[in-house]
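**Q** A structural model of the following input is requested.
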Amino acid sequence: MTDPTDHRPGTAVPRPTAVPRPTAVPRPTAVPRRRGRTRRVTPRTHWLLLCVLVVTLSAALLLQGYTHHMFQITSDDVTGPPGRADAVPGQVAHGGPVIAGAAGSPHTARPKTRTIALTFDDGPDPVWTPRILDVLRRNHVHATFFVVGTQVVAHPELVRRIVAEGHQIGIHTFTHPDLSRLAPWQRSLELRETQLAVAGAAGVTTALLRPPYSSENDALDDADWSVLKQADRAGYVTVLSTLDAEDWQRPGTARVLANATPHGKTGQIVLMHDAGGDRAQTVAALNTLIPRLKAQGFRFTTVGAAVGMTDPVRTAGLDDHLQGIALIKMLQLGDGTIRLLDVLMYAAGTISVLRAAVVLVAARRHRRLRTGRRARPWGPPVTEPVSVIVPAYNESAGIEAAVRSLAASDHPVEIIVVDDGSTDGTADLVESLRLPGVRVIRQRNAGKPAALNTGLAAATCELVVMVDGDTVFEPDAVRTIVQPFADPAVGAVSGNAKVVNRGGLLGRWQHIEYVVGFNLDRRLFDLAQCMPTVPGAVGAFRRRALLALGGVSDVTLAEDTDLTMALCRAGWRVVYEERAVAWTEAPASLGALWRQRYRWCYGTLQAMWKHRGALVQGGAAGKLGRRGLVYLLLFQVLLPLLAPVVDVFALYGLLFLDPVRITALWLAFLLLQLLMGLYAFRLDGERPGPLWSLPLQQFVYRQLMYLVVIQSVFTAVAGSRLRWQRMERYGTLRSPTGAETSGEDRPPRVPA
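**A** Numbering: from 1, shown residues only. Okay, the predicted model is just below:
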């Protein structure tokens, strides 16, 4: 959109007629300022709570990862060829399958003649264990189930059924690892956790152990023997097998039946499985095997009864029972947490991708509407003078550059600097500049909203631009930002604030955030007619609209957001003019950044709560509520609150799940952000060089912003009132070229 009255410095411009001061304009009523002592928030309690939650979650995930993903149940095949067996006693290598006293005087036992002890490994399984139990019950047969701890935790009711129906319980470790490959402390942990799980599920303990991947006695090597000796010292009797049905290979029902059928009258311990895969062949084979062997004179019993052993399953002590219940509940809670986090991860990813798509489409459409050949003009060019209000409190570091840039505007302006009780000579510095059209109003320190209200009452123009004291305007910024007021429905216009101090990583990251985050969102808000914030650094307003609201309120720390939302609810349209560029100082330290964003976020939460009624209103207010407020709640509150949890879960995925998939997802997310950044930088006419720091931003800056949101939410929920936190000024702003020109070369000013 081209303004035919585009006047640049140095051109001959006729002086406009002076604008008379409006008469009988009531001074906006400022919200009474709280004079009582402001309670300063002490975040120690909620940071402690957050740390406890994160540590607890991390510990739960580590335990969950160890118990579910460190070792995978594959099959009961031996993991490799047996090693040397020099340490295995001959009476064990050639003895019975039940081995006791391995650490002292080892001895073995065999099942009695014509006695079959059916054993089932890897369960309980919610599908196959009940079916196997049904077969055993129909045939009045008792068996021995060697359970895996993680399966016990997942299905404790099945363990109770096994015990209640007279079967024996043995342990098969907690995560089904090859014990010979573990350190002694890991072996102890595997056995102890499984024992506790059984005690918690069924109220019993057992002395029976079958190590995973074990088979017959002659397959024992020295590493296996060390496991058996450690198990003996812990009070366990090791149970191997004499017949392997090999049902884990699923060779067919007939083959499983043949493998499980004894040759001769010798007693046998038969190895089968009730979990770890499809066990339909096992169930079918049992239906035939049991009646057939009974007809041949075999009797079926448990391992303990088969070798004449005193009942190895006993009632658990109270301590073990309670610890077992706690372990089961904790791991079940961990399972639920993992499922929830998994859902949240996918939901957050889906929402983020949808948001990116919507924002990019909206940005492209906004670009077409505002610039280019098909741009829609707002109406006749706006040439009327503008009042510029600069609230200032101890702004001596940058106020000269800010005022000189405003004085160099190519649009007629009056500049009102409201000194809010500065103690660093801000007002004196501005007066010493002796710039035409610049007035200084001094008042006692009352806060930024009060300073804006003072300037608003002193303004002589209908159009008002509000500027922070650390902001430098481009020469055409004022003229550009007021052009949308050609549309009588427009009540406020947001300009394009850019970071001037971009040196260092922190400066680059904030520059990226301004261009990619803030400006892309503003384009979307503009199209959706739900702009929640006109930034204090560069914003324009209709004076009568502000007066109708009673001026600028001080009940929130984000007076710009509060004011913008109030205008939207009053029916005014708020738009974004990306070509109205102003330069502002960004915090140069993490501490300063924290204080600034903490105030912004907390103030935004205050404004959202104050204007929550817009959610149920109609018209422009409803658009703000159901579009703007919902968007802010979702993407600036809820997702950041979940972000630390998502990050912890991502680390969990790298350690225990599929690191390749997790890394690929992270790279895909980073690529999406990079594409958004490239497009946003192109829209803003910026060089894409700073985007190289985007990956590093994910590890420091993003977490800091999330913590800011968490801190703000805790503060808001606690009902504490946060005091104003002024940003430190660095004096990096410089007057634009042409700001030093003489009065004859500058455009005309509105007389004070």
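
**Q** just checking, A540 is part of a strand?
**A** Yes. Assigned with DSSP: H, G, I helix; E, B strand; the rest coil, A540 falls within a strand.

**Q** what bridges to it?
**A** When assigned by DSSP bridges, A540 has beta-bridge partners V465, V493.

**Q** residue contacts, it?
**A** Going by C-beta atoms under 8 Å, 6 or more residues apart in numbering, A540 touches 386, 463-466, 481-482, 485, 492-493, 495, 534, 580. C-beta: built from backbone N, CA, C; applies to glycine.

**Q** what's the burial count for the residue lying closest to D218 once chain neighbours are set aside?
**A** In space, and not counting its chain neighbours, D218 is closest to A93: 5.6 Å by C-beta to C-beta, 6 or more residues apart in numbering. Residues contacting A93 under the criterion other C-beta atoms under 10 Å number 16.

**Q** who's in contact with A93?
**A** 85, 217-218, 220.

**Q** kindly reformat the contacts of A540 as JSON lines containing distance to F714 and neighbour count.
**A** Converted to JSON lines, the contacts of A540 look like this (distance: C-beta to C-beta, whole Å; neighbours: other C-beta atoms under 10 Å):
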{"residue": "V386", "distance to F714": "41", "neighbour count": "25"}
{"residue": "L463", "distance to F714": "41", "neighbour count": "22"}
{"residue": "V464", "distance to F714": "36", "neighbour count": "24"}
{"residue": "V465", "distance to F714": "36", "neighbour count": "29"}
{"residue": "M466", "distance to F714": "31", "neighbour count": "28"}
{"residue": "I481", "distance to F714": "37", "neighbour count": "27"}
{"residue": "V482", "distance to F714": "41", "neighbour count": "28"}
{"residue": "F485", "distance to F714": "41", "neighbour count": "23"}
{"residue": "A492", "distance to F714": "32", "neighbour count": "25"}
{"residue": "V493", "distance to F714": "35", "neighbour count": "28"}
{"residue": "G495", "distance to F714": "33", "neighbour count": "28"}
{"residue": "V534", "distance to F714": "28", "neighbour count": "25"}
{"residue": "A580", "distance to F714": "36", "neighbour count": "26"}
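
**Q** want to try CSV for the residues you listed, with pLDDT as columns?
**A** Compiled in CSV, the contacts of A540 are given as follows (pLDDT from 0 to 100):
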residue, pLDDT
V386, 97
L463, 97
V464, 98
V465, 97
M466, 96
I481, 96
V482, 96
F485, 96
A492, 97
V493, 97
G495, 95
V534, 95
A580, 94
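
**Q** phi, psi of I415?
**A** phi -110, psi 120 (degrees, to the nearest 10).

**Q** rounded mean pLDDT for stretch 618-636, please.
**A** Stretch 618-636 carries an average pLDDT of 92.

**Q** what comes up buried for it?
**A** 620-629, 631-632, 635-636 (16 or more other C-beta atoms under 10 Å).

**Q** in helices only, show me those residues.
**A** Counting by DSSP state H, these place 620-623, 631-632 in helices.

**Q** wait, Q711 sits on Y598?
**A** Yes. The pair Q711 / Y598 is scored as a contact, 6.1 Å apart, by C-beta atoms under 8 Å.
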